[in-house]
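*Asks:* need a structure here:
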Amino acid sequence: MNSPLVSVVIPAYNQAEFLPSAIQSVLDQTYSNIELIVVNDASPDNTGEAVRQFNDPRVKYIVHEENRGLPTARNTGIIASSGDIIVLLDADDFFHPQKIQTHCLFLEQHPEIGVTYNGRFDLDHSADTIRRLWRPPLTVGLADFILGFPFSPSDMVIRRDWVSRAGVFDGQYVCGGEDTDYPCRLALEGCQFASVDKVLNYRRYHSGRPRKNLRCRLEDVERALSNVFDDPRCPEEVLSLRSIALKHHLLILVSLALIQKETALGMDFLHQVLNIDPSLIEGEPCDLVAFLLREVIADEKNGHEAILRSVFDQLPQELEPIQNQYAWAVGQGYIEKGVRNIMWGRIERGRSHLEKAFDWGARVRKPYLDVLAAQLIDYEVEFGSEAAQLVLNDLTNELKVITDEEDLQYLLGLYFVNSAFRNFRNGRYKETVPSVLKAVKSDKSYLKNRGVLSLLSQSLLKSTIQGLNKEK
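*Replies:* Sure thing, here's the model as predicted:
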């Protein structure tokens, strides 16, 4: 493996509490040919003290005399860097020790790829515990970037020559639009993106921290999207997503405004998003309530009953019919909090949440079991099938209080059949067979599924051929 110089850039503003962990995670990398550039964006806290405690020649420290904003702070670090590969890290996040080595090896093996990214663990800011495992798609492109954020800046690694082609971050984005703008610009230049398919970051979620100037944030996003859609290189299939892209960003702003009790602004955003997609308030539960719930329960610190009550109370009179979904949202919130605590080993806390869900009359529905099965597969990819099945056992034991045996068997069957297809795609035919049999044992309906039966027969055949080849 070649060992090109890698430059890690950390912009820092009011993150002195977390900055030492970020710096240490870089210095602890198994890949040693690195430089670390910390840019203090005129932070009023003790950022300087946090940096100076590290007596390592690989650390470079730059101070802005006045606050210039996150994009410009990143640019200062990029311009001052010397590496062939540039790695971004926010000051409140930190890396797995093998982060840089994994990306460098992947880039060496795939010279056509300009930007790599990885999965991450999202942490509860209030407890520093894992909230969820986020595994992005293996490949992404322009359409993914305009619709949302398939990965965060701390997840990505960039070849310097692509920075030379696309330029640095646009310092005119002062409210967050640069995270939409920059990968879009890279994609329009023809850059290819790929995941290293490992979870290598830890990202803190700061619950309760106010988000300033939400209207400015919308203006930034609208400008970033317009730059994409007005670019002659933008393909037709992306142009067709214009209204959908704005809808996704507006939904985030609706939730932020209502959670922060900026009611008038929230209503303005809400009317805009409903003009794009009136179906958001149709059904029980409707998509609007389901989205708001996900935002409200994003951290263990938040008591979601009171926040949801506040959000529902701010909704306009014409949306009164969805008020009866409050009880569903509270109960579902306890289900999801319970599940994620159990998944990450906090059984007692998870059980407490599920008991509260029961008190609210909540029941696990199959659409959520579909989501849960996918989360278990992500867990399996990262930690192996044995670890995932231990978690599955814990979940099925604890979920009995709010679901019936038929639905639990549905979850087991869905997990095992998804695991079987994953094993087959990866050429692990011997492991595929028992997964199929477990799926059928859990859910007899798979006996009538031609795809599953074909998977079983092909796995048996290929497993036999593999065994014979090994004997030769």
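*Asks:* Contacts only, for Val163.
*Replies:* Val163 makes contact with Ile78, Ile86 under the criterion C-beta atoms under 8 Å, 6 or more residues apart in numbering. Every residue, glycine included, has its C-beta placed from N, CA and C.
*Asks:* Return the alpha-carbon coordinates of the helix or strand hosting it using PDB.
*Replies:* According to DSSP states H and E, Val163 maps onto helix 160-166. The C-alpha trace of helix 160-166 is given here as PDB (Å, rounded to 0.1, in the frame of the first residue of the first chain):
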ATOM      1  CA  ARG A 160      -6.900  16.900  -3.800                       C
ATOM      2  CA  ASP A 161      -7.200  16.900  -7.600                       C
ATOM      3  CA  TRP A 162     -11.000  17.000  -7.300                       C
ATOM      4  CA  VAL A 163     -10.800  19.900  -5.000                       C
ATOM      5  CA  SER A 164      -8.600  21.600  -7.700                       C
ATOM      6  CA  ARG A 165     -11.400  20.900 -10.200                       C
ATOM      7  CA  ALA A 166     -14.400  21.800  -8.200                       C
END
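*Asks:* What average pLDDT does it get?
*Replies:* In this model, helix 160-166 has a mean pLDDT of 96.
*Asks:* Which parts of the stretch 251-400 of the chain are strands?
*Replies:* Assigned by DSSP state E, counting those that start in this stretch, the strands in the stretch 251-400 of the chain number zero.
*Asks:* how many other residues sit next to the closest residue to Asp90 other than its chain neighbours?
*Replies:* Once flanking residues are discounted, Asp90 sits nearest to Ser154: 4.9 Å by C-beta to C-beta, 6 or more residues apart in numbering. Neighbourhood size, Ser154 [other C-beta atoms under 10 Å]: 24.
*Asks:* So Ser154 belongs to a helix, correct?
*Replies:* Yes: per DSSP: H, G, I helix; E, B strand; the rest coil, Ser154 lies within a helix segment.
*Asks:* how about it, what does it touch?
*Replies:* Leu88, Leu89, Asp90, Asp93, Arg120, Asn201, Arg203.
*Asks:* Closest one to Ala374 out of those, please.
*Replies:* Distance to Ala374, by C-beta to C-beta, is smallest for Arg120 among the contacts of Ser154, at 16.6 Å.
*Asks:* Give the rounded mean pLDDT of stretch 282-294.
*Replies:* 95.
*Asks:* ends of stretch 224-237, how far apart?
*Replies:* Stretch 224-237 stretches 18 Å from its first residue to its last (C-alpha to C-alpha, to the nearest Å).
*Asks:* shift numbering so it begins at 409
*Replies:* New numbering, starting at 409: the last item is stretch 632-645.
*Asks:* Would you mark the buried spots in stretch 466-475?
*Replies:* Buried residues in stretch 466-475, counting neighbours by 16 or more other C-beta atoms under 10 Å, are found at Val467, Lys468, Ile470, His472.
*Asks:* out of these, who's nearest Thr438?
*Replies:* Val467 (17.9 Å).
*Asks:* now that closest one, nearest residue through space, not along the chain?
*Replies:* Counting by C-beta to C-beta, 6+ apart, Val467 lies nearest to Leu444, which is 4.9 Å off, once chain neighbours are set aside.
*Asks:* low-scoring stretches of the chain, by residue?
*Replies:* 533-535, 615-618, 876, 878-880 (pLDDT under 70).
*Asks:* Can you name every helix or strand that the longest strand belonging to it contacts?
*Replies:* For the chain, the strand with the greatest residue count under DSSP state E is strand 601-613. Applying 3 or more C-beta pairs under 8 Å, 6 or more residues apart in numbering; DSSP states H and E, one finds that strand 601-613 makes contact with strand 502-503, helix 507-517, strand 523-532, helix 586-596, helix 774-791.
*Asks:* Thanks again, I'm all set now.
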